[in-house]
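> Starting from these lines, generate the structure:
(one chain, ligands or ions: 2)
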Amino acid sequence: MIHGSCLCAEVTFEIDESKIIMMNNCHCANCRKVTGADYGTFIQISPQDFNWLSGEEYVSTYDSSPGNHRAFCKKCGSRMPQTSDASPFTTIPAGSLDADPKVTPNVNIFTGSKAPWNIIDDSLPSSIDMGTPEFWAKLFPQPEK
Ligand SMILES: [Zn+2]
Ligand SMILES: [Zn+2]
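Numbers count the residues shown, from 1 in each chain. Ligands and ions are numbered 1, 2, ... in the order given. The predicted model follows:
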């Protein structure tokens, strides 16, 4: 297990890094706004491989679109792990981890919305949007949902 935390350290959590399903770079406008960066890098993991350790009461959410609960620490504003009604996975903002998860991004998504100054890493599979079922089937032989 490795730990993650927010900037003020009120919120801490752990994930089982051996169970990481994927790490994606999301270039959508919502991820750019909420991170203030070129794109968001997120780890997908099953809910049973994630635990809050402290400060869950500091975690608030904002629904950036229906069912997409953007979580953040209400004391320091750091992005925090979240769930979405559209996905079976818990999403971990990779920058909140305090140790090396021993994975690197597998995929770029929503490159159609990328920041004009950002140069996409073309060595990764990329989708201009969420990606079709065929796109995901090629990356992950087992169906995800
Ligand atoms: Zn905090
Ligand atoms: Zn996004």
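
> only C-alpha atoms for contact and neighbour calcs from this point on.
Fine.

> The residue positioned nearest the centre of the chain pairs with what?
Centroid-nearest residue in the chain, with CA atoms, centre = their mean: F42, separated by 2.4 Å. Under DSSP bridges, the beta-bridge partners of F42 are N24, P93.

> go on, V107?
Beta-bridge partners of V107, counted by DSSP bridges, are N24.

> how deep is it tucked in, by neighbour count?
For V107, the count of nearby residues is 20 (other CA atoms under 10 Å).

> Hmm, it is touching M23, no?
Yes. When contacts are counted by CA atoms under 8 Å, V107 is listed as touching M23 (7.1 Å).

> anything in stretch 85-98 near ligand 1?
No. Applying CA under 5 Å from the ion, one finds stretch 85-98 out of contact with ligand 1, separated by at least 10.4 Å.

> and the end-to-end length of that stretch?
Distance between the two ends of stretch 85-98: 27 Å, counting by CA to CA, to the nearest Å.

> likewise stretch 82-91?
Between the start and the finish of stretch 82-91 there is a gap of 5 Å, counting by CA to CA.

> Over to stretch 105-125?
10 Å.

> ok, back up a step: just confirm the residue nearest to the centre of the chain contacts N25, I think it does.
Yes. Under the criterion of CA under 8 Å, F42 lies in contact with N25, with a separation of 6.5 Å.

> Quick check: beta-bridge partners of F72?
As for beta bridges, F72 partners with S60, R79 under DSSP bridges.

> which residues touch it?
When contacts are counted by CA atoms under 8 Å, 6 or more residues apart in numbering, F72 is found next to 59-61, 78-81.

> distance of it from A137?
Here the distance between F72 and A137 works out to 31 Å (CA to CA).

> Repeat that for A71.
Going from A71 to A137 by CA to CA gives 28 Å.

> What of A94?
Computed as CA to CA, the A94 to A137 distance reads 24 Å.

> Looking at these two now, which is surrounded by more residues?
A count of neighbours by other CA under 10 Å puts A94 above the other of A94 and A137, at 23 against 12.

> Tell me the pLDDT of the closest residue to the more buried one other than its chain neighbours.
The shortest distance from A94 to any residue other than its chain neighbours is 5.1 Å, reached at F42 (CA to CA, 6 or more residues apart in numbering). Taken from the predicted model, the pLDDT recorded for F42 is 97.
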